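Peer 1: okay, here's the prediction I keep looking at, along with the sequence it came from:
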Amino acid sequence: MADLKELVLTTSGVNPLKCMRCGKCSGTCPSYDAMEYHPHQFVYMVEKGDIEKLMASKSIYTCLSCFACVERCPRIYADLLEQDLDWLGLAWDEGGSTGGPNGPYYQSECAEIYTASYKKLEECGLVYPCFCSRAQLHAASAPHTSDGNVVYPGTCRGLTAAEIEEKRKKKAPAYRLMVPDEDITFVDGCMGPHTENLLHDCGDFYLRRADGVFAYQLAVVVDDARMGVTEVVRGADLLSSTARQLYLYRLLGLQAPGFAHCPLLLAPDGRRLSKRDGDQSLENLREKYTAQEIVGKLAYAYGLQPEPAPRTPESLIKDFSWAKVPKQDVCLPEDLF
């Protein structure tokens, strides 16, 4: 049995421990209807060592070898991201394929951990079901933020038990966290002092989607706390999430980290970078430049060095200062890449 499992793993090149149970491989399989066991079940059976049962089924022989399942697998993108970071010279202490003492590191494997925190919030009486769709909110007169997001107006906050039961017959609800009319103020490591009102600038926000998946705001707070993260550095497009996350840290009794939000890199004409608009991807840049050349050019755009000379990430640490980093989004010079 062990030899057969090893043979399957070696031949396929698939690591079943990376499976997220998302089912996208099955959803894209053209032979799905002809199978007793489906692609996502193949992976699970291999992981459990249930190889003989799989090999005895006709399912595996209906595979067309089209590799649609491989192309749709989101874990592949995580692996490619690690490869890009490693190529650029950006190292990490733990997490991802490296593993470490604070796993699991993939959110798809953390449902029980998130559930425990979710239940704490439920016990506080702050969680309620929401039946609103995004289309309904955007079409309604709900207030919008400057970036186009909807500030939830509390449509489902006051539903009675009878109303909730009736709506459940037609649609599974998502779940939101009730927020107070309160200002949250913090000092961002890059952007400086920042204040948001939870009710008027954010609104009650999602904790769990209708399909049961936990939302970003809850997952990232729980993950950072249990992994001992003390400083979060991320893009300025997530600055508006910080007040909500600080509120969650407080409710869950967790130690909040420090935050620093970097300005976004924009195209020379000021729009968001997008491959759809013909902008360069790292995959394309790797064919034209060395890792040191790319790092040096980006460091120059961010004001970390006076010219776009090749640099390694490590060489930039000594002279780094948040004071050098612009407070506004950065338009890449026309001829930089």
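Peer 2: Received, thanks.
Peer 1: what sits against the closest residue to residue 179 other than its chain neighbours?
Peer 2: Of all residues not flanking residue 179 in the chain, residue 198 sits nearest, at 4.0 Å (C-beta to C-beta, 6 or more residues apart in numbering). The C-beta positions use only the backbone N, C-alpha and C, and glycine is treated the same way. Taking C-beta atoms under 8 Å, 6 or more residues apart in numbering, we find residue 198 in contact with 179, 180, 181, 182, 183, 184, 243, 244, 247.
Peer 1: ok, the third one - contacts?
Peer 2: Residue 181 is in contact with 197, 198, 199, 200, counting by C-beta under 8 Å, 6+ apart.
Peer 1: go ahead and confirm the first one touches residue 180.
Peer 2: This points to residue 197. No - using C-beta atoms under 8 Å, residue 197 is not in contact with residue 180, being 9.5 Å away.
Peer 1: more neighbours: which of the two?
Peer 2: residue 197 (16 against 11; other C-beta atoms under 10 Å).
Peer 1: residues of stretch 269-288 that come out buried?
Peer 2: residue 279 (16 or more other C-beta atoms under 10 Å).
Peer 1: what do you get for stretch 49-66?
Peer 2: 51, 54, 57, 59, 60, 63.
Peer 1: tell me how far it lies from the chain's centre.
Peer 2: Relative to its parent chain, stretch 49-66 has a centroid offset of 32 Å by C-alpha atoms, centre = their mean, to the nearest Å.
Peer 1: please save the CA atoms from that stretch in PDB.
Peer 2: Provided in PDB are the C-alpha atoms of stretch 49-66 (Å, rounded to 0.1, in the frame of the first residue of the first chain):
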ATOM      1  CA  GLY A  49      -3.800   6.200   1.500                       C
ATOM      2  CA  ASP A  50      -7.000   4.800   0.100                       C
ATOM      3  CA  ILE A  51      -5.300   4.000  -3.200                       C
ATOM      4  CA  GLU A  52      -6.600   0.500  -3.900                       C
ATOM      5  CA  LYS A  53     -10.200   1.700  -3.800                       C
ATOM      6  CA  LEU A  54      -9.400   4.500  -6.200                       C
ATOM      7  CA  MET A  55      -7.500   2.300  -8.600                       C
ATOM      8  CA  ALA A  56     -10.400  -0.200  -8.600                       C
ATOM      9  CA  SER A  57     -12.900   2.500  -9.600                       C
ATOM     10  CA  LYS A  58     -13.500   3.300 -13.300                       C
ATOM     11  CA  SER A  59     -13.400   7.000 -12.300                       C
ATOM     12  CA  ILE A  60      -9.600   7.400 -12.700                       C
ATOM     13  CA  TYR A  61      -9.700   5.900 -16.200                       C
ATOM     14  CA  THR A  62     -12.200   8.500 -17.400                       C
ATOM     15  CA  CYS A  63      -9.600  11.300 -16.900                       C
ATOM     16  CA  LEU A  64      -8.800  13.000 -20.300                       C
ATOM     17  CA  SER A  65      -5.400  14.300 -19.100                       C
ATOM     18  CA  CYS A  66      -6.500  17.800 -20.100                       C
END
